[in-house]
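Participant: sequence and predicted structure below; questions after.
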Amino acid sequence: MKTVHVLSCAVLLIVFGGLMVEAQRGRGNEPQPEVKDHRIDLESSFVRPPLRAGDEAYGRINGERVKQFVNEITAISRKDRDRGNKYWGRVAGTDADKEVHDLVAAKFREWGLQDVHFEPVALGPQNVPTDWELAASGSSGTLTFKTIFPMQGAAPIPGAGLDLDLVWAGYGTELDFAGRDVKGKAVFIQAMPWPNGFQQTARFYGSLERAVAKGAAALLVNVAIPGNLTQSVGGPGGTTGFTGFTIGSEDAAQLKALMEKGPVKVHARLSTERRTGLMDANVWGTLPGTTNEDIIIMAQHDARFEGAFSNASGVATMLGLAEYFAKIPAANRRRTLRFVSTAAGGAQLMHQNRGTLFANTALIINCQHTSAMQFIQYEPPEGTKYPEQGGLYKTQTVNARQYWIYGSDKLARIIFDSLAQFGVALWDYAMNDGSGLGAVARDAPSLQTLVTPVYFSSDYDRPEFVPPSGLEMVGRAYAKIVDQVNGLSRAEIVQAPGPKGPGLP
């Protein structure tokens, strides 16, 4: 009987499938009515949870107001680009970086923060790219590209440049290199975002280090993000003297098509400038409280490209919190609030002074990547060969966030409840380290949430993809966390000794 039942189901499915095909054919012969294209206005329809009763005061943290700070900060980056810098942004130690210092300090002073000052942070010597090119030639002609960008730490190519055979090495695994002679050649590696351009397979597989160890003279990497993004990717860890570039996905597709037709050579050139004596700064401002304990709210300010979500969004969130708490009378602030816009290496300097700096700190909040539009990848057009030639659909919501919590279970519960209350969605994953918190992650109880969209570390990190709603959600949640933490003693906040990791067990 069981066999008969299975056969009967199979026959029914075949008959049903045939009827569906016939029905579709029938509809295909009929005239189809035109479907109006109804378009959603994303900017005016981002999902924004309403304030709950009792939380009306947090409505003073307004997403559009905080977004103004994002726009001011990213304008500094665009001005740096318009000055003719090919390696542009708010790069640590540059004039653009100093302009951010001045902007933050001016806001602090405008809102009445005290002890506003710059804490100098010395930067090590840097080889800064100033000019570069990469062209490819094969049997069907020569290609030039719009998105070639030096890898971080790449060494200059002296003179007129290098002419090298180009070798495809897939994902750059040991299997991909099997049987391939890459010594003295340029190696082209395909990386997949995991989940973005910064966290990608070439990094996790050790692909770049493997290529250099096998004698590659130059590296070329595409992280398969739809579109033609200029990407900034870290070079092989611990390796000096390498030459490396990234290439956007549409440019990479043209190069792959050229390689399919026969051998390809590339001509690469890279000029750098050795800069020493560079300085950055932590920018501090203080709102005094009524006790000798403090809460520190920080955000890192340097960036490549416009750096809108990374990390203009974080600096803007910190500024929004400073403006909000500055309007609360000092008599109503239990703990002193110390705000700091941190330099490249600024957290390390703070860690070195942890014995005094964090002696009375109840909580550190790091405002890192606080808002980014969620994108959905879609398939490439019919006839294209490579999935990375697809595209990105915009949405009316913000990315869910990774999180880091270092502190007691009671602190974690306050954090989780407040984030949920204001609509801040989290991954089911506690970060393994404090990431943007860096060296200070375990110097005092600490909190960070972090969005990492697919276009992280690229020139697609633009202000139009930083939703005000996300800035608002995080800012309001952090403000409530501060208020609730001020209802606890420091002993109730600090993580008990033992092997517990971040977050709740």
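Facilitator: Cool, got the structure. Residues are numbered from 1 along each chain as shown.

Participant: contacts and neighbour counts: CA atoms only from here.
Facilitator: OK.

Participant: for the stretch 301-450 of the chain, what spans make up the strands?
Facilitator: 303-304, 336-342, 361-367, 373-378, 391-398, 401-406, 426-430, 446-450 (DSSP state E, counting those that start in this stretch).

Participant: pLDDT score assigned to Asp27?
Facilitator: I think there's a mix-up here, since residue 27 is Arg and not Asp. Here, the pLDDT recorded for Arg27 equals 58.

Participant: one step back: any chance of the strands of the stretch 301-450 of the chain in CSV, plus mean neighbour count, distance to Pro195 and mean pLDDT?
Facilitator: Below are the strands of the stretch 301-450 of the chain laid out as CSV (neighbours: other C-alpha atoms under 10 Å; distance: least, C-alpha to C-alpha, whole Å; pLDDT from 0 to 100):
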stretch, mean neighbour count, distance to Pro195, mean pLDDT
strand 303-304, 22, 19, 94
strand 336-342, 25, 26, 97
strand 361-367, 27, 21, 97
strand 373-378, 17, 12, 82
strand 391-398, 17, 14, 82
strand 401-406, 24, 12, 93
strand 426-430, 14, 13, 85
strand 446-450, 26, 13, 95
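
Participant: can you lay out these as a markdown table showing distance to Ala154?
Facilitator: Below are those laid out as a markdown table (distance: least, C-alpha to C-alpha, whole Å):
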| stretch | distance to Ala154 |
| --- | --- |
| strand 303-304 | 15 |
| strand 336-342 | 25 |
| strand 361-367 | 30 |
| strand 373-378 | 31 |
| strand 391-398 | 30 |
| strand 401-406 | 30 |
| strand 426-430 | 33 |
| strand 446-450 | 28 |
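
Participant: and the helices in the stretch 51-200 of the chain?
Facilitator: With helices called from DSSP state H, counting those that start in this stretch, the stretch 51-200 of the chain shows them at 63-82, 95-110, 174-177.

Participant: mean neighbour count added to those, as a markdown table?
Facilitator: A markdown table is the format used below for the helices of the stretch 51-200 of the chain (neighbours: other C-alpha atoms under 10 Å):
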| stretch | mean neighbour count |
| --- | --- |
| helix 63-82 | 20 |
| helix 95-110 | 18 |
| helix 174-177 | 14 |
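
Participant: contacts for the host helix or strand of Phe245, please.
Facilitator: Phe245 belongs to strand 244-246 when elements are defined using DSSP states H and E. Strand 244-246 is contacted by residues 147-151, 154, 218-223, 230-233, 235 when judged by C-alpha atoms under 8 Å, 6 or more residues apart in numbering.

Participant: what about it, average pLDDT?
Facilitator: 96.

Participant: of the helices of the stretch 51-200 of the chain, which is nearest Ser313?
Facilitator: Among these, helix 63-82 comes nearest to Ser313, with 5.8 Å by C-alpha to C-alpha.

Participant: Asp433 touches Gln402, doesn't it?
Facilitator: No: contact criterion C-alpha atoms under 8 Å: Asp433 and Gln402 do not qualify, at 11.0 Å.

Participant: ends of stretch 443-452, how far apart?
Facilitator: Terminal residues of stretch 443-452 are spaced 25 Å apart (C-alpha to C-alpha, to the nearest Å).

Participant: oh, that last question was meant for stretch 172-187, not what I typed.
Facilitator: Taking C-alpha to C-alpha, stretch 172-187 runs 9 Å from one end to the other.

Participant: leaving out the residues flanking it, which one is nearest to Asp294?
Facilitator: Among residues not flanking Asp294 along the chain, Thr336 sits closest, at 4.5 Å (C-alpha to C-alpha, 6 or more residues apart in numbering).

Participant: and the one you found, what is it in contact with?
Facilitator: Thr336 sits in contact with Thr286, Leu287, Pro288, Gly289, Thr290, Thr291, Asn292, Glu293, Asp294, Ile295, where contact means C-alpha under 8 Å, 6+ apart.

Participant: quick one: which helix or strand includes the fifth one?
Facilitator: This means Thr290. Applying DSSP H and E, one finds Thr290 in no helix or strand.

Participant: swap in Ile481?
Facilitator: helix 468-485.

Participant: check which element follows that helix along the chain.
Facilitator: Scanning forward in sequence from helix 468-485 by DSSP H and E, the next helix or strand is helix 490-493.

Participant: I'd like to know which elements that following helix is packed against.
Facilitator: Packing contacts for helix 490-493, counted by 3 or more C-alpha pairs under 8 Å, 6 or more residues apart in numbering; DSSP states H and E, involve strand 361-367, helix 409-421.

Participant: residues contacting that helix, please?
Facilitator: Ala362, Leu363, Gly407, Ser408, Lys410, Leu411, Pro445, Val485.

Participant: so which bits of that helix are buried?
Facilitator: For helix 490-493, burial by neighbour count (16 or more other C-alpha atoms under 10 Å) applies to Arg490, Glu492, Ile493.

Participant: as a whole number, average confidence for it?
Facilitator: In this model, helix 490-493 carries a mean pLDDT of 95.

Participant: can you give me the end-to-end span of stretch 193-210?
Facilitator: Stretch 193-210 has an end-to-end distance of 19 Å (C-alpha to C-alpha).

Participant: distance from it to the middle of the chain?
Facilitator: Offset of stretch 193-210 from its chain centre (C-alpha atoms, centre = their mean, to the nearest Å): 15 Å.

Participant: from one end of stretch 225-233 to the other, what's the distance?
Facilitator: Using C-alpha to C-alpha, one end of stretch 225-233 lies 13 Å from the other.

Participant: low-scoring stretches of this protein, by residue?
Facilitator: Where the chain drops to pLDDT under 70, the residues are 1-28, 381, 383-390, 434, 497-505.

Participant: domain parsing for it?
Facilitator: Structurally, the chain divides into domains by automatic domain parsing as follows: 51-124+278-493, 128-274.

Participant: so which of those domains is nearest Leu42?
Facilitator: The nearest among those, by C-alpha to C-alpha, is domain 51-124+278-493 at 5.3 Å.

Participant: who does Leu450 bridge with?
Facilitator: For Leu450, the beta-bridge partners under DSSP bridges are Gln402.

Participant: so what's it up against?
Facilitator: Gln368, His369, Thr370, Arg401, Gln402, Tyr403.

Participant: same question, Ile296
Facilitator: Contact analysis of Ile296 by C-alpha under 8 Å, 6+ apart lists Leu337, Arg338, Phe339, Val340, Thr361, Leu363, Ile364, Ile365.

Participant: and Gln200, by the same measure?
Facilitator: Gln200 neighbours (C-alpha under 8 Å, 6+ apart): Ala191, Met192, Pro193, Trp194, Val223.

Participant: surely the fourth one is in contact with Ala202?
Facilitator: No: counting by C-alpha under 8 Å, Ala202 is not a contact partner of Trp194; they are 9.7 Å apart.

Participant: can you get me the start-to-end distance on stretch 380-395?
Facilitator: Using C-alpha to C-alpha, the two ends of stretch 380-395 sit 18 Å apart.

Participant: now swap in stretch 365-380 and tell me
Facilitator: Length of stretch 365-380, first residue to last, C-alpha to C-alpha: 41 Å.

Participant: ok, stretch 433-442 next?
Facilitator: Terminal residues of stretch 433-442 lie 9 Å apart, using C-alpha to C-alpha.

Participant: again with stretch 302-317
Facilitator: Start-to-end span of stretch 302-317 (C-alpha to C-alpha) is 15 Å.

Participant: show me where the stretch 1-150 of the chain has strands.
Facilitator: Here the stretch 1-150 of the chain has its strands, by DSSP E, counting those that start in this stretch, at 89-90, 114-122, 126-138, 141-144, 149-150.

Participant: with distance to Ser310 and mean neighbour count added, can I get those in a markdown table?
Facilitator: Output for the strands of the stretch 1-150 of the chain, formatted as a markdown table (distance: least, C-alpha to C-alpha, whole Å; neighbours: other C-alpha atoms under 10 Å):
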| stretch | distance to Ser310 | mean neighbour count |
| --- | --- | --- |
| strand 89-90 | 11 | 28 |
| strand 114-122 | 20 | 16 |
| strand 126-138 | 20 | 18 |
| strand 141-144 | 29 | 14 |
| strand 149-150 | 18 | 28 |
